[in-house]
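Student: Dropping the sequence and predicted coords here.
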Amino acid sequence: GESVGLHLPTLSVQEGDNSIINCAYSNSASDYFIWYKQESGKGPQFIIDIRSNMDKRQGQRVTVLLNKTVKHLSLQIAATQPGDSAVYFCAENKVQGAQKLVFGQGTRLTINP
Amino acid sequence: DAMVIQNPRYQVTQFGKPVTLSCSQTLNHNVMYWYQQKSSQAPKLLFHYYDKDFNNEADTPDNFQSRRPNTSFCFLDIRSPGLGDAAMYLCATSSQVRQFFGPGTRLTVL
């Protein structure tokens, strides 16, 4: 079956450093990808998205890179802060009528002081 | 400015006792979703409504039902909760592509 997965379940970085969270996907027909941040006890919060006709998109302190050749998606967070500690999910959105998200397994990011 | 609201935030029920979780939205989105999320796992889609059209996932147990009386509200009914149904239940909405999630309801089954 089609799935979106992450390479690493946990990631620890020092406060102020940059972090990179990776995601592999298997559905080459997917044309839209999303990153969500989920803090403990809360619902997923939208971070950034990217369409398949792009290979890079930047937001505030975050950048998403899409490599369609190897079906790889990454989220870069610059100058990490304690508030960045959370679980990060990539998701694949099959844009066909009612949109459905296929989530990756998630990466827990811990920011060390 | 709450956009997707879930009530209650915490729900405790007894084994086999029916329970209903509620979701409302102020976004006027036409699609509403219910997800189940267990500890340290990704959200799993149970079903969704596209306007009034109900779309069930193939592996969603019959124990889970949903109602959407109008655009703003959507309910998740668990007819006979088992211990394995203890989880976070997330409601989400969308109008085009991006989905907006509520804070979730944590369900405990005793």
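Tutor: In hand now; what should we look at?

Student: which stretches of the chain aren't confidently modelled?
Tutor: All of this refers to chain A. A:1-8, A:94-98 (pLDDT under 70).

Student: That was the other one, I meant chain B.
Tutor: B:1-2.

Student: ok, which residues in it are in contact with chain A?
Tutor: B:4, B:6, B:31, B:40-45, B:48, B:50, B:53, B:55, B:90, B:92, B:94, B:96-104, B:106 (C-beta under 8 Å from any C-beta of the partner chain). For glycine as for every other residue, the C-beta is placed from the backbone atoms N, C-alpha and C.

Student: Buried ones among these?
Tutor: B:4, B:6, B:31, B:42-45, B:48, B:90, B:92, B:94, B:98-104, B:106 (16 or more other C-beta atoms under 10 Å in any protein chain shown).

Student: Which neighbouring elements make contact with whichever strand in chain A runs longest?
Tutor: Longest strand of chain A, by residue count under DSSP state E: strand A:86-94. Under the contact criterion of 3 or more C-beta pairs under 8 Å, 6 or more residues apart in numbering or on different chains; DSSP states H and E, strand A:86-94 touches strand A:4-5, strand A:19-25, strand A:32-38, strand A:72-77, strand A:100-103, strand A:107-112.

Student: what do you get if the cut-off is 10 Å, keeping everything else the same?
Tutor: Counting contacts by 3 or more C-beta pairs under 10 Å, 6 or more residues apart in numbering or on different chains; DSSP states H and E, strand A:86-94 is packed against strand A:4-5, strand A:19-25, strand A:32-38, strand A:45-51, strand A:72-77, strand A:100-103, strand A:107-112.
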